[in-house]
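In: Everything below, folded, please.
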Amino acid sequence: MRAIRALEALIVATVVAWVLGAPRLLGLSLYAEQFLAAVLGLAMALAFLKLPARGRAAKTRIPWWDWLAAAAAIGACGYVAVRYASVVTEVSMRPRDFVALAALLVVLVMETTRRATGMSLVWYGVAGVAYALWGHLIPGAFQAQDVSFTRLANYLGLDTNALLGTSLQVAVVIVIPFLILGQLLARCGGSEFFTDLAMSLMGRYRGGAAKVAVTGSALFGMVSGSAVANVSAVGVVTIPMMKRAGFTPEFAAAVEAVGSTGGQLVPPVMGAAAFLMAEFLQISYGAVLVAAVIPALLYYLSLFLQVDVESAKQGIAGGPRERLPALLPVLRDGWHFTLPFAVIIGGLLAYNMEPEYAALLSCAVLMGACALFRYRGRRASWREMLGAVVSTGSAVLDIVLICGAAGILIGILNISGLAFGLTLELVGLAGSQLWLLLAIAAGVAILLGLGLPTVGVYVLMATLVAPALVALGVAPLAAHMFVMYFGMMSMVTPPIALAAYAAANIAQCDPDKAGWMGMRVGWAAYLVPFLFVYDPPLLMQGTLAQILWAVLTNALGLWCGTIAVVGYYVSRVAPWQRVLFLAAALALLFPAAKVDGGLAVNLAGLAAAALLLWRGRK
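Out: Below is the predicted model:
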């Protein structure tokens, strides 16, 4: 439909123009909030026209009330965008028209978020508004500040600490350029290249089909940053391949779900939560990127080891070499798909570019390369590339609306005082026991993730729980990485494991069984966040020797732990040997940099592991 296509194009064009500084070149001096309001209005209008009010079926016609709602969204946000200077100066007097405008914006954001992601964020918002209005009647530590409806509405709808705040700004300014890159790669053959590359690297080894899923999900996840999108793009190839190789449908779905979920942790793109983390901590995205390298490595190493040992136990061999793509031809034909990553990494780390500039520059490089070079005998046309760029307008709907709703939730937490009160209560509950607070934080993140996307979980956890972790001595970056990581793991944790459900749909198996299998396959992934909290070198915080030692001992510890869990090495491992492997794993995973005597424990674990692995080969 022309209106939908026009709105998609306007969203992308507005963001690109803002990032490239077009208003400044035209002599216009605009507030960032004016730009955010304009993009939000376009996104909500697109959501009303494109997303059905009920169900998930595509719209065949647009009812008149959705046209009216789209007009209201553009009108309300357009008024804020045009009259923002006067709104800022007059909002403190709480005129009735401003209160009505702010309340309308909040309602429109929540309704479009409901259409995009379901009721979870809406229920949190309703509960938060009720708490902000009547929480002052609750006695004790969780008593809220007394807030009137007019003040609350204005704050949530018009204040820069709520709807028009950091979370929406990150989604619009930073995430959208990276999503443009993802759309271009998907349309121009990048997903096929990554799959072919994974197959050529891993397909011939034992359990090769599952290793292709792990490698391909990691490669594609660097761009997509979305677990479900990753499953949809890679799983349609890898899951049938794993089933043909001899893996059960549940195991195939679990491997793909866990592999796809980790894409949110893989540099250089990661997920939207990583960009929010940089803003919350007021550090460069490059610093977040560097800190995420080793946790991502350990995540995928643990999954790779699990697949390898499980394949050996089941006797599943690799695929025949003649049916697999050869590595050199794949690299020769698709090398140009690696250029955007080189541009992003070089721009962020070497030239200290802003992430959005690096992303747009990488898009330009990719479009030029795809216009010059073919992959699989096909060259992307400019029309295809332009279509990919425009289609980003629909691809960004979820993230823009989620971050808008998340901003409202942040505003509720701030104005009610709940964030501060909960931090004090959590610190008091855990006392001086950091492990207890970490366990509570992990459980809360997973529970929130049962109904929220990773971005929503991270925003709530970063506001409510991360300050309590910092208060107990956890480095701020480690605390935020911890809560983001467990928010991510909710995607494969039953009962509502969205990535596992998406993979189970492709594998045609029971989603619940796929979810529980995902927890077993990804057992080590639940351990990795605790490792980097207690061992700062795993976040690149320490000397080179400390970092290398931490990587070595943790990698070997995960290998021994996998052998203990699966019960197989060269042959089946006896129960008493599994206990010894587990003991060696725990000793190797013990934090050496932060705990006295940790190095001695690591050395003992290293000696025990070497002896067990040597004897096991006989």
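In: hey, where'd the helices end up in the stretch 301-450 of the chain?
Out: Listed in chain order, the helices found in the stretch 301-450 of the chain under DSSP state H, counting those that start in this stretch are 327-334, 339-345, 355-372, 382-395, 397-416, 418-430, 434-449.
In: next one: the last one to chain centre, how far?
Out: Going by C-alpha atoms, centre = their mean, to the nearest Å, the spacing between the C-alpha centre of helix 434-449 and its chain's C-alpha centre is 18 Å.
In: would you put the C-alpha positions of it in CSV?
Out: Listed in CSV are the C-alpha atoms of helix 434-449, where the atom choice follows Å, rounded to 0.1, in the frame of the first residue of the first chain:
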residue,chain,number,x,y,z
LEU,A,434,27.1,-10.9,46.4
TRP,A,435,26.4,-14.4,45.1
LEU,A,436,22.9,-14.2,46.6
LEU,A,437,22.1,-10.8,45.0
LEU,A,438,23.5,-12.1,41.6
ALA,A,439,21.2,-15.2,41.9
ILE,A,440,18.2,-12.9,42.7
ALA,A,441,19.1,-10.6,39.8
ALA,A,442,19.4,-13.6,37.4
GLY,A,443,16.0,-15.0,38.5
VAL,A,444,14.3,-11.6,38.2
ALA,A,445,15.8,-11.0,34.7
ILE,A,446,14.6,-14.4,33.5
LEU,A,447,11.1,-13.9,35.0
LEU,A,448,10.8,-10.5,33.4
GLY,A,449,12.0,-12.0,30.1
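In: which residues sit against that helix?
Out: The set of residues that contact helix 434-449 without belonging to it, under C-beta atoms under 8 Å, 6 or more residues apart in numbering, is 426-427, 429-430, 456-457, 460-461, 465, 468-469, 472-474, 482-483, 486-491, 493, 526, 529-530, 533. Heads up, the C-betas are built off the backbone N, CA and C, glycines and all.
In: Count the neighbours of the residue nearest to Val465 when sequence neighbours are not counted for me.
Out: Distances taken as C-beta to C-beta, 6 or more residues apart in numbering place Ala441 nearest to Val465, at 4.8 Å, with adjacent residues excluded. By other C-beta atoms under 10 Å, the residues close to Ala441 number 25.
In: What separation is there between Ala441 and Val533?
Out: When distance is defined by C-beta to C-beta, to the nearest Å, Ala441 is 10 Å away from Val533.
In: and for the two, which residues touch both?
Out: Counting by C-beta under 8 Å, 6+ apart, the contacts common to Ala441 and Val533 are 469, 482.
In: Outline the domain layout of this structure.
Out: 2-166, 542-618 (automatic domain parsing).
In: And these: which comes nearest Leu361?
Out: Between Leu361 and those, the tightest spacing by C-beta to C-beta is seen for domain 2-166, at 10.4 Å.
In: contacting residues for Trp549?
Out: Trp549 sits next to 537, 592, 602 when contact means C-beta under 8 Å, 6+ apart.
In: Turn the residues you listed into TSV, columns for secondary structure.
Out: Shown next, in TSV, are these (DSSP: H, G, I helix; E, B strand; the rest coil):
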residue	secondary structure
Pro537	helix
Ala592	coil
Asn602	helix
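In: average model confidence for stretch 65-84?
Out: Summarised as a single mean, pLDDT over stretch 65-84 is 95.
In: Just the buried subset of the contacts of helix 434-449, written out for PyMOL, thanks.
Out: To isolate in PyMOL the members of these that are buried, counting by 16 or more other C-beta atoms under 10 Å, one can use:
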select buried, resi 426+427+430+456+457+460+461+465+468+469+472+474+482+483+486+487+488+489+490+491+493+526+529+530+533
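In: from the contacts of helix 434-449, which ones fall inside helices?
Out: If you go by DSSP state H, these have 426-427, 429-430, 456-457, 460-461, 468-469, 482-483, 486-489, 529-530, 533 in helices.
In: hmm, back to that, so which of the domains of the chain is nearest Pro267?
Out: Using C-beta to C-beta as the criterion, the shortest distance between Pro267 and the domains of the chain is 15.7 Å, found for domain 542-618.
In: What separation is there between Met385 and Arg244?
Out: For Met385 relative to Arg244 (C-beta to C-beta), the value is 34 Å.
In: Pick out whichever of these two has more residues nearby.
Out: Using other C-beta under 10 Å, the more surrounded residue of Met385 and Arg244 is Met385, with 20 against 11.
In: returning to that earlier point: pipe the domains of the chain into TSV and attach distance to Gly522 per row.
Out: Supplementary listing: these in TSV, determined by distance: least, C-beta to C-beta, whole Å:
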stretch	distance to Gly522
domain 2-166	23
domain 542-618	11
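In: So for Val400, which of those domains sits nearest?
Out: Closest of these to Val400 is domain 2-166, at 4.5 Å (criterion: C-beta to C-beta).
In: Could you check the helix or strand containing Tyr79 and say which residues are buried?
Out: Secondary-structure element containing Tyr79, defined by DSSP states H and E: helix 64-82. Judged by neighbour count (16+ other C-beta under 10 Å), helix 64-82 contains these buried residues: 66, 69-70, 72-74, 76-77, 79-81.
In: cool, stretch 108-116 as well?
Out: Burial within stretch 108-116, assessed by neighbour count using 16+ other C-beta under 10 Å, is assigned to 108-116.
In: If you average the pLDDT over it, what comes out?
Out: Stretch 108-116 comes out with an average pLDDT of 94.
In: if I pick Thr215, what's in contact with it?
Out: Contacts of Thr215 were listed using C-beta under 8 Å, 6+ apart, and they are 197-198, 201-202, 304.
In: helix or strand for it, which one?
Out: Assigning secondary structure by DSSP H and E places Thr215 in helix 208-224.
In: Figure out how far that helix is from the centre of its chain.
Out: Its chain's C-alpha centre and that of helix 208-224 lie 16 Å apart, by C-alpha atoms, centre = their mean.
In: Could you check the angle it makes with helix 382-395?
Out: Relative orientation of helix 208-224 with respect to helix 382-395: 80 degrees, computed using axes from the mean of the first three to the mean of the last three C-alpha atoms, to 10 degrees.
In: how about helix 208-224 as CSV, C-alpha atoms only?
Out: As requested, C-alpha coordinates have been extracted for helix 208-224 and formatted as CSV (Å, rounded to 0.1, in the frame of the first residue of the first chain):
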residue,chain,number,x,y,z
GLY,A,208,28.8,-30.9,11.4
ALA,A,209,25.2,-29.9,10.8
ALA,A,210,24.9,-28.7,14.4
LYS,A,211,28.3,-26.9,14.3
VAL,A,212,27.1,-25.1,11.1
ALA,A,213,24.1,-23.9,13.1
VAL,A,214,26.3,-22.6,15.9
THR,A,215,28.7,-20.9,13.6
GLY,A,216,26.1,-19.6,11.2
SER,A,217,24.0,-18.2,14.1
ALA,A,218,27.0,-16.4,15.5
LEU,A,219,28.0,-14.9,12.2
PHE,A,220,24.5,-13.8,11.2
GLY,A,221,23.8,-12.7,14.8
MET,A,222,26.6,-10.1,14.5
VAL,A,223,24.2,-8.2,12.3
SER,A,224,20.7,-9.1,13.2
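In: next SSE after that helix?
Out: Tracing the chain C-terminally past helix 208-224 and defining elements by DSSP H and E, one meets helix 227-245 next.
In: And that following helix, what's buried?
Out: The neighbour-count check on helix 227-245 (16+ other C-beta under 10 Å) flags 227-235, 237-243, 245 as buried.
In: Please apply the same query to stretch 177-196.
Out: Applying a neighbour-count criterion of 16+ other C-beta under 10 Å, one finds 177-196 buried in stretch 177-196.
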